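In: no sequence on this one, just coordinates:
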């Protein structure tokens, strides 16, 4: 009986050592400016809210139009709304005291790895943005209201680090488009 108990305890100890020992990997976007966005005004990113389906910390994979999945051990270091706002701010650059300041708010509609039918993958980001003069009420008519979408191919092998790099490039593309649209405002 003593021998059975010893083997049972040893088996449970071995099993416990195998479960939960792999810590999650944390990711953030590349916060260095690409230099692609060149606004002629100051753009301050006030708030971006991710939709509930993508608001968690897991890196999301869209397997089909109706199916979302996640990488089990790969997570965002922070809320993707905060990370995206910080990346856009880096892209828009530092404020200049002699320029008008506009404020950006919006909703993140997609922030994911998308798997195509042929097995290839791309990063997809979609952000519905409203731009107002800084200090205006969120109920005031925006100067600009638009949904921006960007895709970026994911380098092989498709793995979380490459997905995150592609998501960074997609946000850079959106920043460039927002800056161009803001530059066209009167």
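Out: Perfect, thanks for sending it. Keep in mind that what you see is a predicted model, and the values were worked out from it rather than measured.
In: and residue 40, which of the three is it?
Out: Secondary structure, DSSP: H, G, I helix; E, B strand; the rest coil: residue 40 is coil.
In: pretty sure it is in contact with residue 100, am I right?
Out: No - the pair residue 40 and residue 100 does not pass the contact test of CB atoms under 8 Å, sitting 9.0 Å apart. The way it works is simple: take the backbone N, C-alpha and C, and place the C-beta from them, glycine included.
In: Can you name the residues in contact with stretch 118-125?
Out: With CB atoms under 8 Å, 6 or more residues apart in numbering as the test, stretch 118-125 has contacts from 62, 84, 108, 110-116, 149-154, 158, 163, 166-167, 169-171, 174.
In: let's see it at 6 Å
Out: When contacts are defined by CB atoms under 6 Å, 6 or more residues apart in numbering, stretch 118-125 is touched by residues 110-115, 150-154, 158, 166-167, 170-171.
In: Which two among those are spaced furthest apart?
Out: 115 and 171 (20.2 Å; CB to CB).
In: Am I right that residue 162 is in contact with residue 152?
Out: No - in this structure residue 162 lies outside contact range of residue 152 using CB atoms under 6 Å: 10.3 Å.
In: helices and strands around the longest strand anywhere in the chain, which ones?
Out: Scanning the chain for the longest strand, with DSSP state E as the assignment, gives strand 101-115. Under the contact criterion of 3 or more CB pairs under 6 Å, 6 or more residues apart in numbering; DSSP states H and E, strand 101-115 touches strand 42-50, strand 58-64, strand 121-133.
In: most neighbours per residue, which of those?
Out: strand 121-133 (a mean of 20; mean count of other CB atoms under 10 Å).
In: could you give me the average pLDDT of that one?
Out: Across strand 121-133, pLDDT averages out at 96.
In: Can you list the strands that that strand pairs with?
Out: strand 101-115 (antiparallel), strand 144-153 (antiparallel) (DSSP bridges).
In: how about the nearest residue to residue 26, chain neighbours excluded?
Out: Using CB to CB, 6 or more residues apart in numbering and skipping residues adjacent in sequence, the residue nearest residue 26 is residue 77, 4.3 Å away.
In: Quick check, pLDDT for the one you found.
Out: 95.
In: now it: how far from residue 27?
Out: 6 Å (CB to CB, to the nearest Å).
In: The two: which is more packed in?
Out: residue 27 (21 against 12; other CB atoms under 10 Å).
In: my read: that one touches residue 164, true?
Out: Yes - the criterion here is CB under 6 Å, and residue 27 meets it with residue 164 at 4.6 Å.
In: In this structure, where's the longest helix?
Out: When the chain is parsed with DSSP state H, its longest helix is helix 160-183.
In: which strands and helices sit next to that helix?
Out: Using 3+ CB pairs under 6 Å, 6+ apart, helix 160-183 sits against helix 80-92, strand 121-133, strand 144-153.
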